[in-house]
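Peer 1: Just to be clear, the model below is a prediction. Sequence and coordinates:
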Amino acid sequence: MSGRVGALLGIGLGLVLGCTAYGLLRVILPGDFAIAAIAPGLLAGIGARIGRAFGTPGQLRIIVFGSLFAVLGGEYFVWDALRTSGLAVEDFVPHLLRSAQWLVFTIGFLVFGIFAGVRLLVGNDPLGDILEHGSDAVPPGAHGTPCPRCGSVQTALDGRSLELECAACGHCWRPAAAD
């Protein structure tokens, strides 16, 4: 099996498991507990990692949009179960918009799950990176490429010279030739 097919199968399997986990958690957890929206993105990232995906733009799009559709699909099954039991009388879209708080938290957890899934795919140790560098390590516009001289990730690409410059030590170098 080719690497591309294995990657897509891993992402697809992760999305299916994420959709299933979302639906089950929505039924099991009390009320409008929105944390279940993390599952599709996170499991898609784990599936991508298992399928040996390497983070092409197409694979990232599949994770992002697949997670969105997985949450919508899981919510549709929850709504359908409520409708058949007589507990939901509105249509699907009003069901989604019935509570602003639930909608905001669901979207927030969905975005966090997608971020975590993509970070699992393209990063080596996402939790360690976040704990080590925090939000201040890479300033806005920086690329985060480690400086070959001091190891700092506070680097930015100069648009005119196409050289990376380290904010910590001032070292400048071309990305292709680390000196």
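Peer 2: Nice, thanks for sending it over. Residues are numbered from 1 along each chain as shown.
Peer 1: and the gap between residue 59 and residue 11?
Peer 2: Using Cβ to Cβ, to the nearest Å, residue 59 is found at 6 Å from residue 11. For glycine as for every other residue, the C-beta is placed from the backbone atoms N, C-alpha and C.
Peer 1: Between the two, tell me which one has more neighbours.
Peer 2: Taking neighbours as other Cβ atoms under 10 Å, residue 59 and residue 11 compare with residue 11 leading, 28 against 22.
Peer 1: any common contacting residues for residue 59 and residue 11?
Peer 2: Taking Cβ atoms under 8 Å, 6 or more residues apart in numbering as the contact rule, residue 59 and residue 11 both touch 48, 53.
Peer 1: Name the residue most distant from the centre of the chain?
Peer 2: For the chain, the largest distance from the centre (Cα atoms, centre = their mean) belongs to residue 86, which lies 35.1 Å off.
Peer 1: Where do the strands of this structure begin and end?
Peer 2: Secondary structure of the chain (DSSP state E): strands located at 155-157, 164-166, 172-173.
Peer 1: Same list, those strands, but as CSV with mean neighbour count please.
Peer 2: As requested, the strands of the chain are exported to CSV (neighbours: other Cβ atoms under 10 Å):
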stretch, mean neighbour count
strand 155-157, 18
strand 164-166, 20
strand 172-173, 16
